[in-house]
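Engineer: What follows is a predicted structure for the sequence shown.
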Amino acid sequence: MTAWVLHTELSLDEVNLHLAALEVAGLLGIAEQSGRASVYLPRRRDDLPLEGRWEQLADRDWNEAWRSGIEPVTVGAVRIVPPWLHAADDAGAPAVTLVIEPAQAFGTGHHETTTGCLAALQQLDLHGQRVLDVGTGTGVLALAAARLGAGEVVAVDTDPIAVATAIGNAERNSVHLDVRQGSIEAAGAGSFDLVVANLDTATLVRLAPAVPARLHEAGVLIAAGVSLERQGEAVTALQGAGLAVTVRPGREWTVLVGRCPGAAMPSESTRHP
Ligand SMILES: C[S@@+](CC[C@H](N)C(=O)[O-])C[C@H]1O[C@@H](n2cnc3c(N)ncnc32)[C@H](O)[C@@H]1O
């Protein structure tokens, strides 16, 4: 079996705008080096909304080539390192190091939606908190929440590959996560101090009415996966569900923080645990 790589002149964030089309095409992985993203697919697809130079790779080589493009990433006090670089990684001593095997799940830690959530997580005091991660992918946000002090973390994803990857990453990091296949309804009983949901705009809009029931009265929602162009849709849906929403725009993507109106402000801090 062979794979194909499309070498683009685009950044990872620009390529990620086409993630839905790439996933339909069977996306194997995306890597960025020197600001240019390479997209790995099982076969050449000239109908994609991306331009670049195609190269055919032997199966053994594509995995190696893709892996060589993934570098550690640091967001505040959290450093994310792929397993094959962990032993050699000497970034000093960040408070939290997570070893994340991306496999075929989303969440190497590099995407702006993930880094935005990681930054927002670190502005909350998570000690002892009950956290739900909707759309956990590799488990990166759930694992970060657990290592930042959360008392209990439930992680759900509709994709069985993501579920298996998140379970593997929890074991790899010796962190207990309650990982379940499904969406917000799979989270089980009880409410949460924090719901984090890095999804996409359409899914977030669809799930918005179900969020307040999962938050306890002083609970917080951190939502991402919404491009700047579409943040109005997401804000309207979350406000329609009864949440007060704060918008934190990034370069191309927005993080939305939702709270039940009238709830006392949760303890926020800028300190790193
Ligand atoms: C953008 S990725 C986020 C991965 C990771 N949480 C991160 O921040 O890097 C979105 C994830 O949501 C999952 N997903 C999509 N629709 C979902 C839904 N309705 N409920 C739960 N998970 C969903 C996808 O399978 C994917 O793993």
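Structural biologist: Okay, I see it. This is a predicted model, so every value here is computed, not measured.
Engineer: what ranges do the helices span in the stretch 51-200 of the chain?
Structural biologist: Here the stretch 51-200 of the chain has its helices, by DSSP state H, counting those that start in this stretch, at 59-68, 83-86, 112-121, 140-147, 160-172.
Engineer: Enumerate the sheet neighbours of the longest strand along the chain, specifying parallel or antiparallel for every one.
Structural biologist: As assigned by DSSP state E, the longest strand anywhere in the chain is strand 215-227. Applying DSSP bridges, strand 215-227 is found paired with strand 192-198 (parallel), strand 253-259 (antiparallel).
Engineer: Could you list the buried residues of it?
Structural biologist: Residues of strand 215-227 classed as buried: 215, 219, 220, 221, 222, 223, 224, 225, 226, 227 (neighbour count, 16 or more other Cβ atoms under 10 Å). In this view, the C-beta of every residue, glycine as well, is placed from N, C-alpha and C.
Engineer: and that strand, anywhere near the ligand?
Structural biologist: Yes. With Cβ under 6 Å from any ligand atom as the measure, strand 215-227 is seen reaching the ligand through residue 225.
Engineer: Look at residue 62 and report its pLDDT.
Structural biologist: Residue 62 carries a pLDDT value of 68.
Engineer: Let me fix that, I meant to ask about residue 123.
Structural biologist: In this model, residue 123 is scored at 95, pLDDT.
Engineer: Any figure for the gap between it and residue 25?
Structural biologist: According to Cβ to Cβ, to the nearest Å, residue 123 and residue 25 sit 37 Å apart.
Engineer: What's the mean pLDDT across the following helix or strand past the longest strand of the chain?
Structural biologist: Going down the chain from strand 215-227, the next helix or strand is helix 231-240, by DSSP states H and E. With pLDDT averaged residue by residue, helix 231-240 scores 97.
Engineer: what's the answer for stretch 221-228, then?
Structural biologist: The average of the pLDDT scores along stretch 221-228 is 94.
Engineer: distance between that stretch and the chain's centre?
Structural biologist: The chain centre lies 10 Å from the centre of stretch 221-228; the measure is Cα atoms, centre = their mean, to the nearest Å.
Engineer: Run through who's touching it.
Structural biologist: Outside stretch 221-228, the residues within contact range by Cβ atoms under 8 Å, 6 or more residues apart in numbering are 17, 113-114, 116-117, 120-121, 135, 194-201, 203-204, 211, 215, 233-234, 238, 243, 249-250, 252-259.
Engineer: Equivalent analysis for stretch 211-219, please.
Structural biologist: Outside stretch 211-219, the residues that touch it by Cβ under 8 Å, 6+ apart are 132, 184, 187, 191-195, 197, 221, 238, 241-243, 258-260, 263-264, 266.
Engineer: in the sheet, who's paired with the closest residue to residue 28 other than its chain neighbours?
Structural biologist: Spatial nearest neighbour of residue 28, chain neighbours left out: residue 40 (4.1 Å); criterion: Cβ to Cβ, 6 or more residues apart in numbering. Beta-bridge partners recorded for residue 40 (DSSP bridges): residue 5, residue 29.
Engineer: circling back: quick check on the contacts of stretch 211-219: which are buried?
Structural biologist: 132, 184, 187, 192-195, 197, 221, 238, 241, 243, 258-260.
Engineer: Name the nearest of the residues you listed relative to residue 98.
Structural biologist: For residue 98, the closest of those turns out to be residue 194, at 17.6 Å, with distances computed as Cβ to Cβ.
Engineer: In contact with that closest one, which residues?
Structural biologist: Contacts of residue 194 (Cβ under 8 Å, 6+ apart): 121, 124, 126, 129-132, 145, 150, 219-222.
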